[in-house]
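> Sequence plus predicted model, see below.
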Amino acid sequence: MVPVIECRGLHKWYSGVHALKGVSLSIAPGEVVGLVGDNGAGKSTLIKIISGVHGPDRGEILVDGKSARIATPKDAMRLGIETIYQYNAMVPTMSIARNLFIGREPLKASFFGIGLLDQARMRAESVKAIADVDLHLRSPDALVGELSGGQRQGVAIARAMHFKSRVLVLDEPTNHLSVKETSKVIGFVRGLKAQTITGIFISHNMQHVFQSCERVVAMARGEIVFDKPTVETSIEEVQEHL
Ligand SMILES: Nc1ncnc2c1ncn2[C@@H]1O[C@H](COP(=O)(O)OP(=O)(O)O)[C@@H](O)[C@H]1O
Ligand SMILES: [Mg+2]
C-alpha cells in the first residue's frame, strides 16, 4: 500500500543544534502511530516539518507517494494534515463556532467583492461537529477562552473530524489536562482507527501510547531508534532503546 506520509532522510538544524539526523518514516493510510522519546529527542521538530511549521534542511516528504511541498500550515491543511498541539492555535477571544472554521470560513455572498461570513451555517455545523465528538458544550457562541483545556482539545479534535482530515497529528495533547479529560483524549485517539483517520500521537506517557496506538516509534537524539507494532513489544523493550 502507498504510504499516506513518507519522510525520507529529514535533517533539521536549529543554528548549532542538529535536531533531526536523517529521519525516514512511512505511515500507512489509517495507521495510528505513537511517537515517543525523551525531551529534546526531536519529536516536535519532526511533526512540525510534517505540518508545515518548519521546512526541513535536507530530505523530503511524500504524501500519497508524491513529493509534497509543505511550506506552511495551510499547505498541510490542504493535504488533509491537521495538527493539535499542547497549546492550541485557537483564538480565545473568538467563539467556538469561529474557531472551528478558522481558515475555512464559509461565505454567504459576495458584497462588492467582500465575502460575508455565513454565521448561521457556522453555528449549525459547529453544533453538529461538537456533538459528533461527544463534547457537551453549552453553545457554539461560547468563547474558547472560557473553556477548560480538555474542552479546547475537544474543539480542535472536532475541527479535524468535521473537516475529514486524513492525518491527525497530536503533539502532547494531554499535557495539563485532568485525568478525566486525558482519558477522553485517549478515547479520541483510539477511535481514529474506526474512522480510518491516520494518527500520529506524541506522548511521553508510554501507557497512553500502548492503550491507543497500533505501532510505536521511538526517537532519541534526533533519530528513530525503535519501531514495532505495539502488540509485538512492551513498554520495557521501548525504554531499553531510549
Ligand atoms: N525553535 C527552536 N530553536 C532552537 N532549538 C530548538 C527549537 N526547537 C527545538 N529545538 C531543539 O531541538 C531539539 C529537539 O527538540 P524537539 O523537537 O522539541 O524535541 P521533543 O519534541 O522530542 O522534546 C532539542 O535539542 C531542542 O532544544
Ligand atoms: Mg515536543
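The structure has been received and is ready for your questions. Residues are numbered from 1 along each chain as shown. Ligands and ions are numbered 1, 2, ... in the order given.

> And the contacts of the host helix or strand of A97?
Under the criterion of DSSP states H and E, A97 resides in helix 96-100. Under the criterion CB atoms under 8 Å, 6 or more residues apart in numbering, residues 90-91, 119, 122-123, 125-126, 129-130, 137, 139-144, 147, 155, 158-159, 162 lie in contact with helix 96-100. In this view, the C-beta of every residue, glycine as well, is placed from N, C-alpha and C.

> Just the ones of the residues you listed in helices?
Q119, M122, R123, E125, S126, A129, I130, V155, A158, R159, H162 (DSSP state H).

> What residues does F201 make contact with?
Counted by CB under 8 Å, 6+ apart, F201 has contacts V32, V33, G34, L35, L170, P173, V189, H208, V209, S212, C213.

> from the residues you listed, which has minimum pLDDT?
Within the contacts of F201, P173 has the lowest pLDDT, namely 88.

> Which of the three states applies to that residue?
For P173, the assignment made with DSSP: H, G, I helix; E, B strand; the rest coil gives coil.

> Kindly report the same for G187.
Strictly by three-state DSSP, G187 counts as helix.

> and it, how many neighbours?
As a burial measure, G187 scores 13 neighbours (other CB atoms under 10 Å).

> So for it, what's the pLDDT?
pLDDT, G187: 90.

> Kindly provide the distance from it to ligand 1.
As defined by CB to the nearest ligand atom, to the nearest Å, G187 lies at a distance of 24 Å from ligand 1.

> Quick check: residues of this structure near ligand 1?
By the rule CB under 6 Å from any ligand atom, the part of the chain lying against ligand 1 is Y14, V17, A19, G37, N39, G40, A41, G42, K43, S44, T45.

> now for those, which pair is the farthest apart?
Greatest spatial distance in the residues of the chain next to ligand 1: Y14 and G37, 17.0 Å, computed using CB to CB.

> which one is E223 nearest to, not counting chain neighbours?
K21 (5.2 Å; CB to CB, 6 or more residues apart in numbering).

> which element is C7 on?
Judged by DSSP H and E, C7 forms part of strand 5-14.

> looking at the protein, which helix or strand is least sure?
strand 107-111 (a mean of 69; mean pLDDT, DSSP states H and E).

> mean confidence score for the following helix or strand past that strand?
With elements assigned by DSSP H and E, the helix or strand that comes after strand 107-111 is strand 114-117. Average pLDDT, strand 114-117: 73.

> ditto for stretch 67-77
On average, stretch 67-77 scores 93.

> list the buried ones in it?
A68, I70, P73, A76, M77 (16 or more other CB atoms under 10 Å).

> ok, the first one touching L79?
Going back to what we said before, that points to A68. Yes. Contact status for A68 versus L79: in contact at 6.3 Å, counting by CB atoms under 8 Å.

> re earlier: how about the helix holding A97, which residues are buried there?
I96, A97, R98, N99, L100.

> cool, and stretch 184-199?
K184, V185, I186, F188, V189, G191, L192, K193, I197, T198, G199.

> same thing with stretch 92-111?
Quick answer for stretch 92-111 (16+ other CB under 10 Å): S95, I96, A97, R98, N99, L100, F101.

> now for the buried residues of stretch 184-199, which pair is the farthest apart?
K184 and T198 (20.6 Å).

> residue ranges of the strands in this structure, please?
5-14, 17-27, 32-36, 58-63, 66-68, 81-84, 107-111, 114-117, 167-171, 198-202, 215-220, 223-229 (DSSP state E).

> Going by mean pLDDT, which of those strands comes out lowest?
Minimum mean pLDDT among these: strand 107-111, a mean of 69.
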